[in-house]
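>>> dropping a prediction and its sequence here:
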Amino acid sequence: MRVVTQEKLAALLAGLPGTPRAVMSGNFATPWRALSVLDTAVATYRLFALNAQRGVPDRDGVILESPFVGPGMRGTEGLRYFPCRLSLVPNLIREELRPDVVLLHTSVPAGGTVSLGIEVNILPAAIEAARARGGMVVAQLNPRMPYTYGDAVLHTGDIDYAIEADEPLASPPPRAASPLFDAIGERVAALVPESATLQLGIGGVPDAVLAALCGRRGLTVWSEMFSDGVLALERAGALDAGTPVTASFAFGSPELYEWADRNPRVRMLRTEKTNDPALIARHPRMMSVNGALQVDLFAQANAARVHGIIYSGFGGQTDFVVGALHSHGGRAVIALPSWHPKADVSTVVPRLAGPVTSFQHSFIVSEQGTATVWGHDASAQAEQIIGRVAHPSARDGLRQAALDLGFRLP
């Protein structure tokens, strides 16, 4: 690894041939300084990132690519969305979307290594793919980046060039207290068995579920991501002391990042491991909790599109739903409010109009109640979704729609 000035890095990047593809750290580990150098030095390039945050370049000459669309790419003209389970994105990078340059946000060197910190995810696969084809690996070295263990540890010899940037890591805005989410969280928490292994997605509902579990004991975490709710479980004594928190990326408060730094209780693994349904299924009592934008009477969930336009993507939901269903004592839960306040519409619809993100869950939960999906025939599933998940004002219309769709309701 050679530490260079930003000017020298710009000259090196300017020599990339054609329309190069850059894969970079996403979520809240975006290497903003290195990205700025790339954007200044290269007129036309492809930028690939997961859950890109606001501020990524969106100009003529920049082609944005993602299998999981974040606020920085959502709604942008010319976005190339690649439908793909998160567990398979490394294969996508190795085989179809091979990078010419990888932009990393890492810790400062220690003992000949750096750490990818709060964002491992698909980056090891991207580094391997770039090096296999003679591409360039660039690190933004930041003393604020936590040094985490597992697959996050990277030898400096695997990095070609680095620049130094002492900058605070971004954090998601704090969420206001929500009685609605709290009610859903309590219902989901009631479904969590003793000594469960937890996977929770992103959003207010998963955060509320974690808050409702602080009184438990012997819980473990195997998830694609974690945030401050897991830290609250740790401090409450709810987590098994002998099992590390295992995930592929994290985002949260500066307090969370400080806790993760050189903490043997935190193990960061590459996506191929955390999201492998076979590895997920090895954990008994695997509890997968994810949100959705809509569910329908066929017990299918849409967590990716709004009015036919891509909002996010599959993410890891499909991986963990399948893994949890194959786990001994495992459960896959979709949790969502029964009514969408901004759109002023029911989140339970007769039939999804667009692609399905996941299906065949164990339970679907809203503030109205809990529908038990697994073990019931299709008509009984629809009846429970209408009577226990849907908003009361939507139930009559849904019952008529169910009859029109061929469900046999009592």
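Happy to help now that I have it.

>>> can you give me the helices for the stretch 1-150 of the chain?
Ranges of helices in the stretch 1-150 of the chain, per DSSP state H, counting those that start in this stretch, are 6-14, 32-41, 89-95, 123-132.

>>> need these in TSV (columns: distance to residue 242).
(Each C-beta comes from the backbone N, C-alpha and C, glycine too.) Formatted as TSV, the helices of the stretch 1-150 of the chain follow (distance: least, CB to CB, whole Å):
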stretch	distance to residue 242
helix 6-14	44
helix 32-41	38
helix 89-95	30
helix 123-132	26
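
>>> using JSON lines, lay out these together with mean pLDDT.
Shown next, in JSON lines, are those (pLDDT from 0 to 100):
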{"stretch": "helix 6-14", "mean pLDDT": "98"}
{"stretch": "helix 32-41", "mean pLDDT": "98"}
{"stretch": "helix 89-95", "mean pLDDT": "96"}
{"stretch": "helix 123-132", "mean pLDDT": "97"}
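
>>> can you tell which of these is closest to residue 270?
Residue 270 sits nearest to helix 123-132 of all the helices of the stretch 1-150 of the chain, at 4.6 Å, using CB to CB.

>>> which other helices and strands does the closest one contact?
Helix 123-132 sits against strand 21-24, helix 89-95, strand 101-106, strand 136-141, with contacts defined as 3 or more CB pairs under 8 Å, 6 or more residues apart in numbering; DSSP states H and E.

>>> quick one: the last one to chain centroid distance?
It stands for strand 136-141. The chain centre lies 23 Å from the centre of strand 136-141; the measure is CA atoms, centre = their mean, to the nearest Å.

>>> what's the angle from that strand to strand 101-106?
Per axes from the mean of the first three to the mean of the last three CA atoms, to 10 degrees, the angle that strand 136-141 makes with strand 101-106 is 20 degrees.

>>> between helix 32-41 and strand 136-141, find me the angle.
Angle of strand 136-141 versus helix 32-41, following the same axes, to 10 degrees, is 140 degrees.

>>> how about strand 136-141, which residues are buried there?
136-141 (16 or more other CB atoms under 10 Å).

>>> what is the mean pLDDT for the helix or strand containing residue 198?
Assigning secondary structure by DSSP states H and E places residue 198 in strand 197-200. The pLDDT scores in strand 197-200 average 96.

>>> then stretch 265-278?
Mean predicted confidence for stretch 265-278 is 98.

>>> now do stretch 250-261
Throughout stretch 250-261, pLDDT has a mean value of 96.

>>> in it, which residues are buried?
In terms of neighbour count (16+ other CB under 10 Å), stretch 250-261 has its buried residues at 250-252, 256-257, 259-261.

>>> same check on stretch 125-132?
125-131.

>>> equivalent analysis for stretch 365-378, please.
Neighbour count says stretch 365-378 has 365-368, 370-371, 373 buried, by 16+ other CB under 10 Å.

>>> who are the packing partners of the helix or strand residue 333 falls within?
Per DSSP H and E: residue 333 is located in strand 331-335. With contacts taken as 3+ CB pairs under 8 Å, 6+ apart, strand 331-335 sits against helix 179-189, helix 204-212, strand 286-291, helix 317-326, strand 363-366.

>>> repeat the analysis, applying 10 Å as the threshold.
Applying 3 or more CB pairs under 10 Å, 6 or more residues apart in numbering; DSSP states H and E, we find strand 331-335 packed against helix 179-189, strand 197-200, helix 204-212, strand 286-291, helix 317-326, strand 358-359, strand 363-366, strand 369-372.

>>> could you dump those into CSV and include distance to residue 98?
Shown next, in CSV, are those (distance: least, CB to CB, whole Å):
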stretch, distance to residue 98
helix 179-189, 40
strand 197-200, 30
helix 204-212, 34
strand 286-291, 30
helix 317-326, 23
strand 358-359, 29
strand 363-366, 39
strand 369-372, 44
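
>>> for the ones you listed, which one ends up most surrounded?
Most buried of the helices and strands packed on strand 331-335, by mean neighbour count (mean count of other CB atoms under 10 Å): strand 197-200, with a mean of 29.
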